[in-house]
Structure formats: structure tokens, C-alpha cells
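> What follows is a predicted structure for the sequence shown.
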Amino acid sequence: MNTFTKIVGLILMLVIPIIGLYWFSYKTSLNVVSDEVEKSMYKDLSYFATQTDNIALQLSKSGLVISEDINVRALEFIEIASLYEQTAEKLRIDDKLKLLIASSTWDTTLSIYAPDTKTFVSSNASLQYDPAVLDRGFSRVWNYTTDVPAYFRKQPRFVRYITEPFDAPLPEATLIVEMSFPATELVKSLDRFKAGGKGDPFFITSEGEVIASNSANRDLQRELTASLDLGQLSKKPFTRFALAGSEYAVSCVWMQELGLYLVDYLPIQDVVRPITLNSYLFYGAIFFLLVGSTIGAYFLYTNVQVPIRELVRGVRKLKRGDYPTLNVFHRNNEFHFLLVSFNDMARQIEQLIQNVYLETIRSRDANLKQLQSQINPHFLYNCFTLIRSLARLGEKETVMELAMHLSKYYRYTTRSERMSAELREELDLVGSYLAIQAIKVQDLQYEIDMPESMRELELPRLILQPLVENAVLHGIEPAGCGTIRVTGARNDRYNVITVEDDGVGVTEEQLALLQQQISMPPTEDKGCALWNTRQRMQLQFGPEAGLRIIRREQGGLTVELYWPNKSEESLAAS
């Protein structure tokens, strides 16, 4: 989760909720607009159906009124009147029919037939009575039919009959009123209605006969009517259908007077096209924003993230002790300066560490040489005094032995070409020193017991001599006699050299003071042999090496020199 990833994640966290919120708003807008359009479509369709039904109802009422007119009823007895009276009566009836026809907006035809007197009067003077048509198409309600007189040129019409008496069967009727209008009147109404909207309304009979506008989409209407259940559809304000791969809102209204279903359908995508276009604009803007963000993220990655990653890699290598030279990018931005400065800093740090390392080595060498020079020069003076005394007493052999050991002792201590030596050489030095001290202190005894496997180990030069010297000077000499033992042992972790004496020993307070002197640097008024010994061991073997002082219950002290066992034998054993 670097900075670049976090920035990209933040951008996505901002963009995704915006897209989700807009998608929710878009869907809500679509649903609201679609519902409102469907309600408006159903309302307009219901109003149009009601108007059309009212015109048909008004026409039916006109037929009922004309059937009850006194002049029309006189046709039942017109054969008893004179020819002049018959003609005058027919003219009056014709005037009334024309008056009724003039009040209708449709091209309506009203005809009256009196079966008993074989009298026929029609608003259309060219129309002739055809009993066969009446027998085939008699209906007391409006009926859509294509079986019409030849005068109407086989054009479908809506026809309705009123009889007198009203509910008398056709053979018993004394007066028959026929009302009819062409289906083209409904077509004209559909054209006018369609001109004010976006749908494509049509009428359909219960038998599936369709009356459509002149500009109707016949194929789409056939596909729709094939899947319509008119009875169920008319019970709902609107329904959705999939037509020609698109979704359509379909409304249906039952027209009680004409016995027709008025159906209208509207493609939803046409209604919501402005919203859809707006969504396309939004998603297009989001797309270009994402493209721009991707380009910006790429430049951010190459100009910021890559240099930062290179710096992080360099810092990690620097922590491991490597001093890398980083790749330098883009000379015209700030990271170029940082990367170049890091490379310069790494080179300077490496150079400084090398200088410090060399200085540390020089300082350690100087410390070792200083420690060598700290071997007590009074020992030499005392040895010369002892030689003089022995020579005066005539102890020639003792003088020769003392001189030999003293020669070995100072030959070894004055060699400074090597900072370390084998334990074997250190034991020879300690043996020479103890032999000299045994001549000086008559009751001094010493033992050196070191395993052969340890004699080849490397130790700092002159590391044992100060411990043995302290045992002689502070343990044995005050007591006047005693024994010093130098032994060695190994285990899986450490090599241990023990220098113990049975001299005067120390109290608990003195032991605590010695422990403090081991860990504290020396001062001008305090000795530094134990501290120097511990420091030299840690310089060569690390912090796991050291020095321990143990108070013996039998008297005297035990000093242990220990360091990690890294020999081939211990590695094989582990």
C-alpha cells in the first residue's frame, strides 16, 4: 500500500460512489418519467375513447328519438293516405333526418323502414332498401360489418337497428330504424388523436378486426395483437410488452357503446431518450475522466512513484550495509535532485565508514600496544634486585635460571608484530613468570593444566599474564604461601580458562568493588588490568566474551576468562 496505490484507491473511492449515485438517479428518473407518461397516455386514451363513445351514444339517441317521432310512426299507416299526403309526410321525415345528421360530426346515415307498408325513408336518397342485408346483419347494438349495400362500395361500417316495439323480434317489428356510419370516421378520429401524441392508437373488435390510422405501423400492430389478451389488458391502466426488440408501454380501454377496444402503444425509449442521452453524456465524461486519470496516474507513477520506490530500495540496502548507486530519472523534477543527492550521500557514508573502520583498527592497535606497555615495569626492577641479592649469596644456578626465565618473559612481551598469539605461547609466558615468582616467593606452588585441543587457540597477546600477576601479588604474597592453578575447559558454547589461587581472598564488599572495576573504565587512582583484559577479549571475540570473578569458599579467588567456542570441533558437534 504505497502512496501511489493509496491515491489511485482514493480516486476510485470517489468515482465509484458518484457513478453509483448517478445510476440510481438515472434509474429513478426513468421509472418516474415512464410512469408519468403511461398515466398520461392512459388518461388521454380514456378521454378519446369516452368522446368517441359519446358520439356513438348521441347517434343512438337520435335513432331512438326518430323512432318515436309521430311523423315517423305514421309510416305504419301511410298506405291509407293519399299520394300527396304520403309524399308530404316523407318530405317532413327527410327534413328531420337531415337535421339530425347535420348535428353529428360523423358522416352518418339514418334509414327508416316500415315492413307493413313497405315504406323506406333514408337520409341518403340514393340508398335502396335491401331486406337480405337486414336479415344477415341485424343487431340492436353497434356492429362492425363489411356486409354493406353496394352503394357503400364494400367499405366497412358500423350499423345499429332500433325496432318498434323496442324489443320486438325482427319479423314482428312494425318499424325499423337503421343507423350507420363508415369505419373511416374512426380512422379520421385516430389520425387527429395521433397528431397530438407520440403513440400509434388503433381500435380492435372482440373478433380481432383492427381499425387503424392511415399512418399506422401495420407490422408492429400485428405483432402486438398476436400477443394481446384484451380482456385482461383492459383491466390494467398500462402494461409493458417487448416488440421488435424494444420495450413498449401498452394501454387499453374498453368502449362500452361501440363494443371496441381502444389500444395505444408507445416505445419507452422514445420517451426517455433525453434522459438516456444525458446519461450517455455523463458516462462519456466519466470515461474521458478515467482516461485522463489513467494518463495522470501513469505520469504520477513514472515521475513520483518510481523515484520513491528507488529511494526506498536504496534506504533498505543502506540499512543492510550496502551502499548502492540509484538509477536517476527525469532530470527536470525534484526527484532527480533527491536521487543524485542520495547517491552522493551513500558514497560519502561509505567513505566515512571506511575511514571510521580504519581509525577503529588503528585505535585498537594503539590500545593493544598501550596495554602491552602497561606491564608493570617494577617487575623488571624487582627481578634485577633479586638477581643482585642471589648473586651476593652465591646462588649461581638460581641466578642463571632466573635470568633465563626473565629473558623468555621479556622476549615475548616486547614482540609487537602480532596482536594475537596461540594459547601455547601465553602458557609459556605464564610459566616463565610463575617460575620467577616461585624463586622470589619460596612457598609459591603453581600448576598449569591445559587440554591439547585448546593450546592452538588464538588469544590476545599478554591476556593471561595480568590475571596470574594479580593472583600472585594480591592473593599469594600477602599470605606468604599458596598455590596458583591455570586450567582450561571447553563446552558446546564457550572456551574457558580459569586462574585460581588459595590466597587471602576477598570479602563480599571487595568482590562487589572488583565487579564494578571490571565494567567501569579505569581512573587515575584505580588500576585497570581487569578492565583492560575484559576490553581486549571483547575487541577480539565480540560482546559474548568476558571475564568473571568468583569468590572461593575454601579461600582465594577464581578468575574465568571465556569466549565463544567457534572452533571446527564445536561446529561439527552442533
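That came through fine.
> Gly556 contacts Glu500, correct?
Yes: between Gly556 and Glu500 there is a contact under CB atoms under 8 Å: 6.5 Å. Placement of C-beta: from N, CA and C, glycine included.
> Can you list the neighbours in contact with the host helix or strand of Ser111?
Taking DSSP states H and E as the criterion, Ser111 maps to strand 109-114. Here strand 109-114 makes contact (CB atoms under 8 Å, 6 or more residues apart in numbering) with 62-63, 66-67, 72, 75-76, 78, 93, 97, 100-101, 119-124, 127, 129, 134, 174-181.
> what about the stretch 51-200 of the chain, any weak spots by pLDDT?
Scanning the stretch 51-200 of the chain with the threshold set as pLDDT under 70 gives 79-82, 84, 150, 197-198.
> Show me where it has its helices.
70-73, 83-102, 131-137, 184-195 (DSSP state H, counting those that start in this stretch).
> any idea of the mean pLDDT in the next helix or strand after the last one?
Right, helix 184-195. Sequence-wise, the next helix or strand beyond helix 184-195 is strand 202-205, with elements assigned using DSSP H and E. For strand 202-205, mean pLDDT is 90.
> Identify the residues contacting whichever helix or strand comes after strand 202-205?
Moving toward the C-terminus from strand 202-205, the next helix or strand (DSSP H and E) is strand 210-212. Under the contact criterion CB under 8 Å, 6+ apart, strand 210-212 has outside partners 144, 156, 183, 186-187, 190, 200, 202-204, 218, 221, 225, 260.
> again, but for stretch 227-243
38-39, 41-42, 204, 206, 220, 223-224, 247-254, 261, 263, 265, 268.
> The helix or strand harbouring Leu45: how far from the chain's middle?
Element membership for Leu45 (DSSP H and E) is helix 3-67. Counting by CA atoms, centre = their mean, to the nearest Å, helix 3-67 is centred 37 Å from the centre of its parent chain.
> quick revisit: ok, and which of the helices of the stretch 51-200 of the chain has the densest surroundings?
Highest mean neighbour count of the helices of the stretch 51-200 of the chain: helix 184-195, a mean of 18 (counted as mean count of other CB atoms under 10 Å).
> So which bits of stretch 485-503 are buried?
Neighbour-count burial for stretch 485-503, counted by 16 or more other CB atoms under 10 Å, picks out 485-486, 488, 490, 494-503.
> Return the member of those nearest to Leu459.
Nearest to Leu459 among the buried residues of stretch 485-503 is Ile497, at 8.3 Å by CB to CB.
> surely that closest one meets Arg548?
No: using CB under 8 Å, Ile497 makes no contact with Arg548, being 11.0 Å away.
> any common contacting residues for the two?
Glu560, Tyr562.
> doesn't Val72 make contact with Leu175?
Yes: with contacts defined as CB under 8 Å, Leu175 counts as touching Val72 at a distance of 7.0 Å.
> just to revisit the earlier point, PyMOL command to pick out the buried ones of the contacts of strand 109-114?
The buried residues among the contacts of strand 109-114 can be selected in PyMOL (16+ other CB under 10 Å) with this line:
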select buried, resi 62+63+66+67+72+75+78+93+97+100+101+119+120+121+122+123+124+127+129+134+174+175+176+177+178+179+180+181
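> before we move on, back to that, now a PyMOL select for only the buried ones of the contacts of strand 210-212.
Applying 16+ other CB under 10 Å to those leaves a buried subset, and the PyMOL line that selects it is:
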select buried, resi 144+156+183+186+187+190+200+202+203+204+221+225+260
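> Adding distance to Asp443 as columns, could you present the contacts of strand 210-212 in TSV?
TSV is the format used below for the contacts of strand 210-212 (distance: CB to CB, whole Å):
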residue	distance to Asp443
Tyr144	152
Pro156	154
Ala183	153
Leu186	149
Val187	149
Leu190	145
Asp200	137
Phe202	141
Phe203	145
Ile204	142
Arg218	141
Gln221	138
Thr225	138
Leu260	146
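> picking that back up, okay if I get the helices of the stretch 51-200 of the chain as CSV plus distance to Ser29?
As requested, these are arranged in CSV below (distance: least, CB to CB, whole Å):
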stretch, distance to Ser29
helix 70-73, 61
helix 83-102, 51
helix 131-137, 52
helix 184-195, 27
